[in-house]
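Undergrad: I'd like to go over a predicted model; first the sequence, then the structure.
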Amino acid sequence: MTTTFASTRIVTEDVDRLTAFYEHVTGVTATRPTPVFAEIRTAAGTLAISSNQLTNRLYGADVVRPGANHSAFLEFQVADADAEFARLSELEFVQEPTTMPWGNRSVLLRDPDGNLVNLFTTP
């Protein structure tokens, strides 16, 4: 069997707000096939954003709870973590640019639903 990682999906109560946030952070315009679903497509994979009403209808009530995840990071490799920190200065950051023990330069913030987002540069 061949497996290809295709996407990560975030379920939210406000698709427009979360889509606008990730468009701003990534600089990528989302594809919006319906008002309740968006995709931020990059060469490395896709970030899918869908409404909790849609997810509940498709998979059952309370399969997911928007904003309840406190154990995962969404990570985006960027050319310069410090430059991204400056560019996104209006956002609230969890951690300013820091060099990690493994050499990556990283800046950490939360999206509007509270999910952790790591913007990092490799050495």
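TA: Here it is on my side, so go on.
Undergrad: could you give the mean pLDDT of the helix or strand hosting Ile10?
TA: Per DSSP states H and E: Ile10 is located in strand 7-12. Across strand 7-12, pLDDT averages out at 93.
Undergrad: Direction included, what does that strand pair up with?
TA: strand 45-51 (parallel) (DSSP bridges).
Undergrad: Now do the helix or strand that the strand it pairs with is followed by: everything it contacts.
TA: As assigned by DSSP H and E, the chain's next helix or strand after strand 45-51 is helix 52-59. Helix 52-59 is touched from outside by Val11, Thr12, Glu13, Val36, Phe37, Asp62, Val63, Val64, Arg65, Pro66, with contacts defined as C-beta atoms under 8 Å, 6 or more residues apart in numbering. Where you see a C-beta, it was placed from the backbone N, CA and C, and this is true even at glycine.
Undergrad: Can you tell me which of these comes closest to Leu91?
TA: Thr12 (17.0 Å; C-beta to C-beta).
Undergrad: For burial, what's the neighbour tally of the closest one?
TA: Using other C-beta atoms under 10 Å, Thr12 has 25 other residues around it.
Undergrad: Tell me how far it lies from Asp80.
TA: 29 Å (C-beta to C-beta, to the nearest Å).
Undergrad: Equivalent analysis for Thr46, please.
TA: Relative to Asp80, and taking C-beta to C-beta, Thr46 is found at 24 Å.
Undergrad: With Phe5 instead?
TA: Phe5 is 26 Å from Asp80, by C-beta to C-beta.
Undergrad: Which one's more surrounded, the two?
TA: When neighbours are counted by other C-beta under 10 Å, Phe5 and Asp80 differ, and Asp80 comes out ahead with 13 against 8.
Undergrad: Which stretches in the chain count as strands?
TA: 7-12, 31-34, 37-42, 45-51, 73-77, 93-99, 105-110, 116-121 (DSSP state E).
Undergrad: Quick check: mean pLDDT of stretch 73-91?
TA: On average, stretch 73-91 scores 97.
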